[in-house]
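**Student:** compute the structure for the input listed below.
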Amino acid sequence: MYKGKKIGVVTAAYNEEKLIAETVQTIPQFVDRIYVTNDASTDATGRILAGMRDSRLLVMTHAKRSGAGAATLSGYKKACEEGMDVVAVMAGDGQMDPAILGRILDPVVEGKAEYSKGDRLSVPGQSRGMPAWRLFGNSLLTYIIKVASGYWRLVDPLNGYTAITRQALMRIDLDKVEKDYAFETDLLVKLNAANTTVVNVPMPARYRSEKSKITYLRFTTRLSWIIARDYAWRLWTKYLGPKSRRAPEKAEEYIENRSYRRW
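**Tutor:** Okay, here's the model as predicted:
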């Protein structure tokens, strides 16, 4: 437990034979449960996981590759079933430093926000480890995602190092969240529609030698469509449609007054 809360960590793994063991072994001892989804890996990832002797580890295996989002959602669902209070996400490729997991958890565990998201961009020098081309693309997408999601003060929306309360997860339909690399953006939009409070957590960028599995042309094309669709859906669901929530604060006011603080 961490500060009186049951903590689960979700890890999606596809062909991570080089780093998955290190990722699991370095997860802090205060974590109660580790959910690893083997997304139909074709290398030794499954065999390595099967040989690990950590009693906290629960391995779920997809028979068919379903995408990083689907793998993460499988972990989210299981964590909710098992009653975890807070669920963090850490990649299986070692890019998320386990030493700062407590920092990611703190605002959520302490009740200051329902969803925390790592931020590699807000403090000068913290994005030093990020390649220049990736920094440019991230900056452009960040602005577009702010518009679509309604989280105007979100600094690094594509950062996958996150923590969220079980209650926040249960307010949305996880079966309707995108299953591929559009998962992060689509989840943000649905969380905003449910008036979920979000906080930035500054952190250093950390990149290993692993080659990205994303085809960037396909990724950006699909993400552009998802962003446009989600923006229209959020406006309709939250403000314009006959079943809109009509929350007492508009999204921008909600974010300004309650959602974003920095640690």
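**Student:** and the helices in this protein?
**Tutor:** Per DSSP state H, the chain carries helices over the ranges 20-25, 45-50, 68-81, 101-109, 132-149, 166-170, 183-193, 216-235, 251-254.
**Student:** is it possible to get CSV of these that adds mean pLDDT, distance to residue 160 and mean neighbour count?
**Tutor:** Using the backbone N, CA and C atoms, a C-beta is placed for each residue, glycine as well. Output for the helices of the chain, formatted as CSV (pLDDT from 0 to 100; distance: least, Cβ to Cβ, whole Å; neighbours: other Cβ atoms under 10 Å):
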stretch, mean pLDDT, distance to residue 160, mean neighbour count
helix 20-25, 96, 13, 18
helix 45-50, 98, 18, 18
helix 68-81, 98, 8, 21
helix 101-109, 98, 11, 21
helix 132-149, 81, 12, 16
helix 166-170, 98, 16, 17
helix 183-193, 96, 6, 23
helix 216-235, 81, 14, 15
helix 251-254, 40, 23, 15
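**Student:** nearest to residue 56, out of these?
**Tutor:** For the helices of the chain, the distance to residue 56 is smallest for helix 20-25, at 8.9 Å, taking Cβ to Cβ.
**Student:** quick one: distance of the closest one to the chain centre.
**Tutor:** 19 Å (Cα atoms, centre = their mean, to the nearest Å).
**Student:** now for it, which elements pack on it?
**Tutor:** The helices and strands touching helix 20-25, judged by 3 or more Cβ pairs under 8 Å, 6 or more residues apart in numbering; DSSP states H and E, are strand 7-13, strand 33-38, helix 45-50.
**Student:** I'd like those laid out as a markdown table, including distance to residue 94.
**Tutor:** Rendered in a markdown table, the data for these read as follows (distance: least, Cβ to Cβ, whole Å):
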| stretch | distance to residue 94 |
| --- | --- |
| strand 7-13 | 11 |
| strand 33-38 | 13 |
| helix 45-50 | 13 |
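**Student:** among the ones you listed, which is nearest residue 226?
**Tutor:** strand 7-13 (18.4 Å).
**Student:** okay, angle between that closest one and strand 33-38 too, please.
**Tutor:** Comparing the axes of strand 7-13 and strand 33-38 via axes from the mean of the first three to the mean of the last three Cα atoms, to 10 degrees yields an angle of 10 degrees.
**Student:** put the alpha carbons of strand 7-13 into PDB.
**Tutor:** Taking Å, rounded to 0.1, in the frame of the first residue of the first chain, the C-alpha atoms of strand 7-13 are listed here in PDB:
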ATOM      1  CA  ILE A   7      -2.000   0.500  -5.700                       C
ATOM      2  CA  GLY A   8      -2.000  -1.400  -9.000                       C
ATOM      3  CA  VAL A   9       0.400  -0.900 -11.900                       C
ATOM      4  CA  VAL A  10      -0.700  -1.800 -15.400                       C
ATOM      5  CA  THR A  11       1.900  -2.600 -18.100                       C
ATOM      6  CA  ALA A  12       1.200  -3.400 -21.700                       C
ATOM      7  CA  ALA A  13       3.900  -5.500 -23.400                       C
END
